[in-house]
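**Student:** output the structure for:
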Amino acid sequence: MKDKFYQYIQELQDSITSTLEAIDGEAKFQEDIWKRPEGGGGRTRVIENGAVFEKGGVNISGVHGELPDSMKTYFGVKDARFFACGLSLVLHPKNPMVPTVHANWRYFEMYDKDGNIVDQWFGGGQDLTPYYIFDEDAIHFHKVCKTACDKHDPEFYETYKEKCDNYFWNAHRNEARGIGGLFFDYCKATETMSMHNWYDFVTEVGNSFLESYVPIVEKRKDLDYTEAQRQWQEVRRGRYVEFNLIHDKGTLFGLKTNGRIESILMSLPPHVQWIYNFTPEQNSPEEKLINILKQPKSWV
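**Tutor:** From the prediction side, this is the model:
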């Protein structure tokens, strides 16, 4: 399974980066092959200062070795080794009318001292973080998510949408990071879902990513915007940074397993502002966004 999924994310990375380069039209992804001293490595691809994408990364990794002490405590095990692989992407567009997007699809195995698999699971999801709300964009993104889920279980979309709303929640701000999407974790074999069934589901979601995001980018990337709207984008990016550094489990896992810092922190945007007690004007498009982020909404 680990070989099969790692092959999949390599091909998915190629598909996504080539499509995004074509949309941008100027910038190309810079590739960085790296190795982890304890075992494994990855292929980081970053795009910067493009016509459409100000900063973005589409990274894959496959790492293995002894489970760090902090993670042994977290999982309640003593002697354990692990393998983890996944694709993680974040795209920060230049135009504030185009939303930031994040996605991640991953697979994890844990072994006993004899090398036997004692646990394995899939995880992942995709979520949208707009700076200005266009209802039709939010509906489109969620419809694609729901279509992918419905092919496997009619309850998956509602379940994983709710998990996404709960997970990407900036508790210290009492607001959502964005308008959600899907979030699933610890997807293990059951009587009704084998690991191969989970593989089919996760790859279905991964394959739907470009369909969920590219039409939005193409519709909004050439819209006019003001300097004030750009400033709002940078203020909201600050909330994105806060979530990733305070709450995100993936960031925490990477740091605790001696992950590659440049790859872990590639999700951070290049231009961000923190303005003291910044409050949008009443009845403004900016306030509309804030009101939606205070209470997760059903989009489909």
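
**Student:** CA only for contacts and neighbour counts going forward, please
**Tutor:** Fine.

**Student:** show me the residue sitting in the middle of this structure in space.
**Tutor:** Most central in the chain under C-alpha atoms, centre = their mean is Ala103, positioned 2.7 Å from the mean C-alpha point.

**Student:** with adjacent residues omitted, what lies nearest to that residue?
**Tutor:** Counting by C-alpha to C-alpha, 6 or more residues apart in numbering, the nearest residue to Ala103 once its immediate chain neighbours are dropped is Gln126, at 4.1 Å.

**Student:** can you classify that neighbour as helix, strand or coil?
**Tutor:** strand (DSSP: H, G, I helix; E, B strand; the rest coil).

**Student:** beta-bridge partners for it, please?
**Tutor:** Ala103, Leu182 (DSSP bridges).

**Student:** report the contact partners of it.
**Tutor:** Gln126 is in contact with 101-104, 180-183, 209, counting by C-alpha atoms under 8 Å, 6 or more residues apart in numbering.

**Student:** what of Val202?
**Tutor:** Per C-alpha under 8 Å, 6+ apart, neighbours of Val202: 105, 122-124.

**Student:** if I look at it, how far off is Thr251?
**Tutor:** Distance, Val202 to Thr251, using C-alpha to C-alpha, to the nearest Å: 21 Å.

**Student:** hmm, back to that, for the contacts of Gln126, which one is nearest Thr257?
**Tutor:** Ranked by distance to Thr257 (C-alpha to C-alpha), these are led by Asn104 at 17.8 Å.

**Student:** most neighbours out of the contacts of Gln126, which is it?
**Tutor:** Counting neighbours by other C-alpha atoms under 10 Å, Gly180 comes out on top of the contacts of Gln126 with 32 neighbours.

**Student:** and the longest helix anywhere in the chain, which residues are buried?
**Tutor:** Across the chain, the longest stretch assigned as helix under DSSP state H is helix 195-220. Buried residues in helix 195-220, defined by neighbour count with 16 or more other C-alpha atoms under 10 Å: 195, 198-199, 201-206, 208-209, 212-213, 216-217, 220.

**Student:** ok, stretch 75-91 next?
**Tutor:** 80-91.

**Student:** same question, stretch 275-286
**Tutor:** In stretch 275-286, counting by 16+ other C-alpha under 10 Å, buried: 285-286.

**Student:** show me where the stretch 1-150 of the chain has its strands.
**Tutor:** 30-35, 40-48, 53-66, 81-93, 100-111, 117-129 (DSSP state E, counting those that start in this stretch).

**Student:** between those, which gets nearest to Cys149?
**Tutor:** strand 117-129 (11.0 Å).

**Student:** that closest one: how far from the chain's middle?
**Tutor:** Centroid displacement of strand 117-129 relative to its chain, using C-alpha atoms, centre = their mean, to the nearest Å, is 10 Å.

**Student:** before we move on, what about stretch 14-25?
**Tutor:** 17 Å.

**Student:** again, but for stretch 224-231
**Tutor:** For stretch 224-231, the distance to the chain centre is 26 Å (C-alpha atoms, centre = their mean).

**Student:** with stretch 246-258 instead?
**Tutor:** Centroid separation for stretch 246-258 versus its chain: 14 Å, with C-alpha atoms, centre = their mean.

**Student:** so which bits of stretch 35-54 are buried?
**Tutor:** Quick answer for stretch 35-54 (16+ other C-alpha under 10 Å): 36, 40-54.

**Student:** bridged to the residue nearest to Glu66 when sequence neighbours are not counted, which residues?
**Tutor:** Spatial nearest neighbour of Glu66, excluding adjacent residues (C-alpha to C-alpha, 6+ apart): Arg81 at 4.3 Å. Beta-bridge partners recorded for Arg81 (DSSP bridges): Glu66, Tyr111.

**Student:** how close does Arg81 sit to Phe141?
**Tutor:** 37 Å.

**Student:** again with Tyr225
**Tutor:** From Tyr225 over to Phe141 (counting by C-alpha to C-alpha), the distance is 23 Å.

**Student:** so the two - more neighbours on which side?
**Tutor:** Neighbours per residue, other C-alpha under 10 Å: of Tyr225 and Phe141, the larger number sits with Phe141, 26 against 11.
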